[in-house]
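Enquirer: quick check, what structure comes out for this input:
(2 chains)
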Amino acid sequence: MRMDRGNVIAVARREYVARGSTRTFKLTTILLVVVGLGIALAPVLFRAVFGEGKQTTIEVVVGDSNPAVDVGSTLGAILNVPLGSTAAGGTGGTGGTDAPPKFKVVTVGDAADARARVLAGETAGLLIVGRQASDDDLTFQYVTKESAANRVPQIVRQAVATIAIEDRLSGAGIPLADQAQIFSAPVYSVAQADPNAPPPQSPDELVAGGAIGFVLAIVLFMAIVLYGQWIAYSVAEEKSSRVMEVILGAATPFELLSGKVVGVGALALTQYVIVFVPATAALLLQNQIAALVLGTTVGPIGMPVGLSIPLLLAFGVFFILGFALYAVLYAGAAALVSRTEDINQIVAPMTLVAAAGYLVAVYSSTGILDAKATFVVVMSFVPFFSPYLMLSRLGAGLAGPLDVIVALAILAITVPFALWLAARFYAAGVLMYGQRPSLRLMLRVLRGAR
Amino acid sequence: MSSLFVVSLVLDNLTKHFGTVTALDGISFSVKPGEVFGFLGGNGAGKTTTMRIVLDILRADSGSVTWNGQPTAEAPRATWGYLPEERGLYPRMGVLDQLVFLGDLYKLSRKEAARRAKDWLERFQIADYAKRRAEELSKGNQQKIQFIAAVLHEPPVLLMDEPFVGLDPVNVALLKEAFLEMKGRGATIVFSTHQMEMVEELCESVVLIDRGKVVLGGPVREVRRSTGRQVIRLAIDGDTELAWLADVPGVRVVRPGQDYAELDVEQSVDPETVLRAALDRGKRVTQFLIDDPSIEEIFIEKVGRKPTEELHLVGTGAASGGPGAPAGSGAGAGAGTGASTGTGAPA
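Expert: Okay, the predicted model is just below:
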């Protein structure tokens, strides 16, 4: 097969410019930018909408219960202890040193007014402290509009337990200064049974790794289906407008096909860059944006857990090869139809295959399927599925470098074969008009009819 | 390898089947360099298939096509300029943009392609449409764009399938001028047409194919003489019926007309007997011309139907002929060539 690089570039360039200037492209780009920004700013938006991140105000009425400790300040101190600060090897969160306290606890005098404020939504709750006549123990009542099972009533409950114990200890004659030592954490460590095994992932890491695989699978699937459709449409349009015959006088089917895949691929990358740059910027500037919008910050943002340079590199290579594989097949298939209306029918089998890989990747990275199951492992080497599955296995820490290299090698061998196959369909199909795409037609084409 | 014959494009025994349909059944002919060559045949005769094989868009089942001794599949693509029968442009792409794109494929620099394209648009009086999308143009203007696309890279060989069809006389003249200019620059031009007067006006040689076979071919003058028959163009003042011709043996009207009638004369008959018979009857002869049969007549004689009629390919051994005799023309089959079943009866 002759291959003229100049022609490939010319075709790619035309494809890039023609498709890039369509309204569809501009609209999808704008839409994706909005979606990307939305995802990046989800924490800020979430807090802006649901009030998360704002201070939760709880008022305390002590009445005549006369507790041994200052309920207001103790409650505030306990509620604002950062979550997970006692867990060894935390997830990289730095414990909210910069963030303002989440809970503001105010001691007030009048219970009725405070109750009215809870009802009006001005405060999250009111803690009424009393004392039982029978055993002189403290009683607590938390007045709120929330369910008792909600997060805030639950942590308030934990906090008041501590306050009650402190009060009882004081009643038993132990001074507050000594109590601090009683409440300090003991020495505790976890030892791995097998010292040679890599440290098992924490639930956080597992979720993060799975989420990365999940996101990459979505990105790849979208690229394949969306841009694959573009290529298919472009081929069918050339055919239905009969411009194909003119072009075939000037370039070989192989050059045309390669140029199309390169052109649309480049446009796809362009769109991704347009979408990802603002989204990444928004992610990194989340604090500043939050400060602007909410007047508060949401805590420092690091690289998402589980995202590493090797993983990104592997993603890049899998993305390009996986996209190329599907794109050439979409183009070859589209050459068999005469009208753009028939595209969906002819590309449906490939979309199904792509969706199958996508779903298995999503299910195994979210834990619905066992990512270590034999069929998942085998599928992660099959060219049509490996871009999805090897990535999600890699993201979950279940695949080694060797697996990735073998899967990439198989994929890299498959792509030229697919290109050859598609060029064959293309060469035969582009001058075929009026025939319904059928299996028999495909077989005839494969035998080399031109 | 030296050859005494100067030939550039040689088609040798091409065959092509589509399923059970035989499209080409041993097509052979050759085209001299710098020649305007008429490639004739009815609809479905195999012209488009042949052109596609020359361009290596289709592959022949057997046979070969060579350009200057080299298989055409190996010749640079820029050797050819192609105007396909089914016109096609990118509907949503700017006119100038697509011309530049095609020039790019044919190895012109984009700048040069744009310059030439603008020149041609200017020449075809459609410079205003350079930025318009192709779908906004009229059919005729689209066809002019298509023509420019074929000649932009100044190819040594032009293959044109019906370049003049569907154009008004002004545009036909514009295109014809461009056509002859390409010839003047040394291009070899192969074109198909149903307009036989174009063939006589422009072509030096022709080949006529029918149902995938070459029926006849050669220089236009020789082809016209090859029948051994002569025709007479006769015009008589105040008599378009020419009823008295029935009395003249060996003569019949093949094409009656208001301005003149065309008569077929058997070889044994001296054309002058017709003139004498007219004068004897006291007619005023305003035109009397002895000529070879026109290409159109030869076409009808050989193919058995008019150039514009449809032939429906239905597998090998297809029934011959189009849908009956052309109304009003009274065309008859020639003197027993056996090549056709003949249509219609003599008037």
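Enquirer: how many residues are close by A:Tyr363?
Expert: A:Tyr363 has 17 neighbours, counted by other C-beta atoms under 10 Å in any protein chain shown. Where you see a C-beta, it was placed from the backbone N, CA and C, and this is true even at glycine.
Enquirer: my bad, B:Gly38
Expert: Applying the criterion other C-beta under 10 Å, we find 25 residues in the vicinity of B:Gly38.
Enquirer: quickly note the distance from A:Tyr233 to A:Ile218.
Expert: From A:Tyr233 over to A:Ile218 the distance is 22 Å, taken as C-beta to C-beta, to the nearest Å.
Enquirer: which one's more surrounded, the two?
Expert: A:Tyr233 (18 against 14).
Enquirer: so B:Glu112 touches B:Val100, yeah?
Expert: No. Here B:Glu112 lies out of contact with B:Val100, judged by C-beta atoms under 8 Å, at a distance of 9.5 Å.
Enquirer: which one of those two has more residues nearby?
Expert: Taking neighbours as other C-beta under 10 Å, B:Glu112 and B:Val100 compare with B:Val100 leading, 25 against 15.
Enquirer: residue contacts, the more buried one?
Expert: By C-beta atoms under 8 Å, 6 or more residues apart in numbering or on different chains, B:Val100 lies in contact with B:Arg110, B:Ala113, B:Ala114, B:Ala117.
Enquirer: and those, which are buried?
Expert: Among the contacts of B:Val100, those buried by neighbour count (16 or more other C-beta atoms under 10 Å in any protein chain shown) are B:Ala113, B:Ala114, B:Ala117.
Enquirer: helices - which of those land there?
Expert: Cross-referencing those against helices under DSSP state H gives B:Ala113, B:Ala114, B:Ala117.
Enquirer: looking at those, which is nearest chain A?
Expert: B:Ala113 (10.3 Å; C-beta to the nearest C-beta).
Enquirer: wait, that closest one sits on B:Asp104?
Expert: Yes. Counting by C-beta under 8 Å, B:Ala113 does reach B:Asp104; the two are 6.3 Å apart.
Enquirer: overlap of the contact sets of those two?
Expert: Joint contacts of B:Ala113 and B:Asp104 (C-beta under 8 Å, 6+ apart) do not exist.
Enquirer: enumerate the residues of chain B near chain A.
Expert: Proximity of chain B to chain A (C-beta under 8 Å from any C-beta of the partner chain) is limited to residues B:52, B:55, B:57-59, B:77-78, B:80, B:82, B:84, B:86-93, B:97, B:101-102, B:104-107, B:146, B:149-150.
Enquirer: now which of these would you call buried?
Expert: For the residues of chain B next to chain A, buried by 16+ other C-beta under 10 Å: B:52, B:55, B:57-58, B:77, B:80, B:82, B:84, B:87-90, B:93, B:97, B:101-102, B:104-107, B:146, B:149-150.
Enquirer: tally of neighbours for A:Pro195?
Expert: 6.
Enquirer: check the secondary structure at it for me.
Expert: Assigned with DSSP: H, G, I helix; E, B strand; the rest coil, A:Pro195 falls in the coil class.
Enquirer: before we move on, the earlier item: same list, the contacts of B:Val100, but as JSON lines with pLDDT please.
Expert: Formatted as JSON lines, those follow (pLDDT from 0 to 100):
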{"residue": "B:Arg110", "pLDDT": "92"}
{"residue": "B:Ala113", "pLDDT": "95"}
{"residue": "B:Ala114", "pLDDT": "95"}
{"residue": "B:Ala117", "pLDDT": "95"}
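Enquirer: so who does the closest residue to A:Ala371 other than its chain neighbours touch?
Expert: Excluding the flanking residues, the one nearest A:Ala371 by C-beta to C-beta, 6 or more residues apart in numbering or on different chains is A:Ser364, at 4.1 Å. Residues in contact with A:Ser364 (C-beta under 8 Å, 6+ apart) are A:Gly213, A:Asp370, A:Ala371, A:Ala373, A:Val376, A:Leu389, A:Ser392, A:Arg393, A:Ala396.
Enquirer: gap between the residue of the stretch 1-150 of chain B found nearest chain A and B:Ala178?
Expert: Closest residue of the stretch 1-150 of chain B to chain A, C-beta to the nearest C-beta: B:Gly88 (3.2 Å). Distance, B:Gly88 to B:Ala178, by C-beta to C-beta: 20 Å.
Enquirer: next: A:Ile174.
Expert: 109 Å.
Enquirer: what sits against the nearest residue to B:Arg132 once chain neighbours are set aside?
Expert: Of all residues not flanking B:Arg132 in the chain, B:Val95 sits nearest, at 5.8 Å (C-beta to C-beta, 6+ apart). For B:Val95, the contact set (C-beta under 8 Å, 6+ apart) comprises B:Leu89, B:Leu121, B:Ile126, B:Tyr129, B:Ala130, B:Lys131, B:Arg132, B:Arg133, B:Ala134, B:Leu137, B:Ile145.
Enquirer: ChimeraX command for the buried members of those?
Expert: In ChimeraX syntax, the buried subset of those is picked out as below (16+ other C-beta under 10 Å):
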select /B:89,121,126,129,130,133,134,137,145
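Enquirer: show me what contacts the residue nearest in space to the middle of chain B?
Expert: The residue lying closest to the centre of chain B (C-alpha atoms, centre = their mean) is B:Thr193, at 3.1 Å. Shown in contact with B:Thr193 (C-beta under 8 Å, 6+ apart): B:Gly38, B:Leu40, B:Glu162, B:Pro163, B:Phe164, B:Val165, B:Val199.
Enquirer: using the three-state scheme, assign residue 254.
Expert: Assuming you mean chain A. Under three-state DSSP, A:Phe254 falls in the helix class.
Enquirer: actually it's chain B I care about, not the one you picked
Expert: Relying on three-state DSSP, one would call B:Val254 strand.
Enquirer: next, count neighbours for the nearest residue to it once chain neighbours are set aside.
Expert: The spatially closest residue to B:Val254, leaving aside those adjacent along the chain, is B:Asp264, at 4.6 Å (C-beta to C-beta, 6+ apart). Using other C-beta under 10 Å, B:Asp264 is surrounded by 23 other residues.
Enquirer: go on, the one 10 residues further on?
Expert: B:Val274: 22 surrounding residues under other C-beta under 10 Å.
Enquirer: now swap in B:Val10 and tell me
Expert: 17.
Enquirer: does A:Val317 touch A:Ala409 like I think?
Expert: No. In this structure, A:Val317 is not within contact of A:Ala409 by C-beta under 8 Å, at 11.0 Å.
Enquirer: these two: which has the busier surroundings?
Expert: For A:Val317 versus A:Ala409, the count of surrounding residues by other C-beta under 10 Å is larger for A:Val317: 14 against 11.
Enquirer: out of everything not next to it in sequence, what's closest to B:Arg255?
Expert: B:Glu262 (4.0 Å).
Enquirer: which helix or strand contains that neighbour?
Expert: For B:Glu262, the host element (DSSP states H and E) is strand B:261-265.
Enquirer: can you check B:Leu208 too?
Expert: strand B:205-210.
Enquirer: what is the mean pLDDT for that strand?
Expert: Averaged over strand B:205-210, pLDDT sits at 92.
Enquirer: one step back: beta partners of the residue nearest to B:Val254?
Expert: Applying DSSP bridges to B:Asp264 yields these beta-bridge partners: B:Val231, B:Arg252.
Enquirer: just A:Gly130 next, same as before
Expert: Going by DSSP bridges, A:Gly130 forms beta bridges with A:Thr139.
Enquirer: who touches it in this structure?
Expert: In this structure, A:Gly130 makes contact with A:Gly63, A:Ser65, A:Leu138, A:Thr139, A:Phe140, A:Gln141, judged by C-beta under 8 Å, 6+ apart.
Enquirer: surely the first one is within a strand?
Expert: In this case it means A:Gly63. No. Under the criterion used here (three-state DSSP), A:Gly63 is coil, not part of a strand.
Enquirer: circling back: just the buried ones among the contacts of A:Gly130, please.
Expert: Neighbour-count burial (16+ other C-beta under 10 Å) is assigned, among those, to A:Ser65, A:Leu138, A:Phe140.
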